[in-house]
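[1] coords please:
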Amino acid sequence: MAVRPDVPWYWRSLGVGAAAVSLVAIVWLVGSAFGAFEGFRRGESERVVAAPRSEPRPDEVELGELRAHAARADRQLQMERAAAADLAKQVKALAFENAALKEDLSFFQSLMSSVEARQGGISVNRFRLQPEAVAGEFRYQMLLVQSGQRVKDFHGRLQFVLDVQQDGRKLVMVLPPEGDGDGQDHQLNFKFFKRVEGSFKLSPGSVLKGIQVRIFENGSRTPKLTQSLSVS
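    Numbering: from 1, shown residues only. The predicted structure is shown next:
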């Protein structure tokens, strides 16, 4: 049989209160420590998240450099493509001009060996008339040939006589006009053959019905050659 001392109730109440206060204090300390740890962890997380904004990571710097290099390479490629297209256009134009010269030479050689070559004189060959995109504007092309024995350099001028219909009326136009000192494009100076190219423009509403070529030798008012050509 155990004998326990009789402890008054107020001492027991005081002991329970002290234990409760100690427990509350322990809970508060643990909560404070946990809150401080959570605050530290939250601040550390925010610092880590905010770090890339203030200082780029090495992989982002490398990515930016690669993008800049790709942009420069794309601009260089576009410039090279434009240069290649321009070069191709020039080569095409030179090839066309070379083919035309070969055609002229072949035609001239065959012409010199013909009966017409032995007769002599100037002739208009391979006349072409092409309407341009602008209404009333035409571009022409022809080959002038001087054939015969012991030919000399020909000095003269070219003239066009146009039959035009305008507002129901028939008109005759001379290009360049007589006495026009600005007709340098129509001056001729060649020995065997000469390619002639140019353009002219009619008034709005005019219709070209016919065209005649006249070739004058310097010092003469009588044409050395008069030849009607097709406008179709």
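
[2] What's the end-to-end length of stretch 164-175?
    12 Å (C-alpha to C-alpha, to the nearest Å).

[3] so how far is Val61 from Arg72?
    17 Å (C-beta to C-beta, to the nearest Å). C-beta: built from backbone N, CA, C; applies to glycine.

[4] typed the wrong thing, it's Leu77
    Taking C-beta to C-beta, one finds Leu77 at 25 Å from Val61.

[5] that's a strand at Ser220, yeah?
    No. With DSSP: H, G, I helix; E, B strand; the rest coil as the criterion, Ser220 is coil rather than part of a strand.

[6] What is the burial count for it?
    Applying other C-beta atoms under 10 Å, we find 9 other residues in the vicinity of Ser220.

[7] now swap in Leu202 and tell me
    Residues within reach of Leu202, counting by other C-beta under 10 Å, total 17.

[8] for Gly148, same thing?
    14.

[9] what sits against Val124?
    Applying C-beta atoms under 8 Å, 6 or more residues apart in numbering, we find Val124 in contact with Met142, Leu143, Leu144, Val213, Ile215, Leu225, Gln227, Leu229.

[10] if you set the cut-off to 6 Å instead, what comes out?
    Met142, Val213, Gln227 (C-beta atoms under 6 Å, 6 or more residues apart in numbering).

[11] Would you write a ChimeraX line that selects the buried entries of these?
    Selection of buried members from those for ChimeraX, criterion 16 or more other C-beta atoms under 10 Å:
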select :142,213
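
[12] Pick the one among the contacts of Val124 closest to Lys102.
    Closest to Lys102 out of those is Met142 (17.4 Å), distances taken as C-beta to C-beta.

[13] Angles on the backbone of the closest residue in space to the closest one that isn't next to it in sequence, please.
    Of all residues not flanking Met142 in the chain, Phe127 sits nearest, at 4.5 Å (C-beta to C-beta, 6 or more residues apart in numbering). Main-chain torsions, Phe127, degrees, to the nearest 10: phi -80, psi 130.

[14] Repeat that for Ala71.
    phi -60, psi -40.
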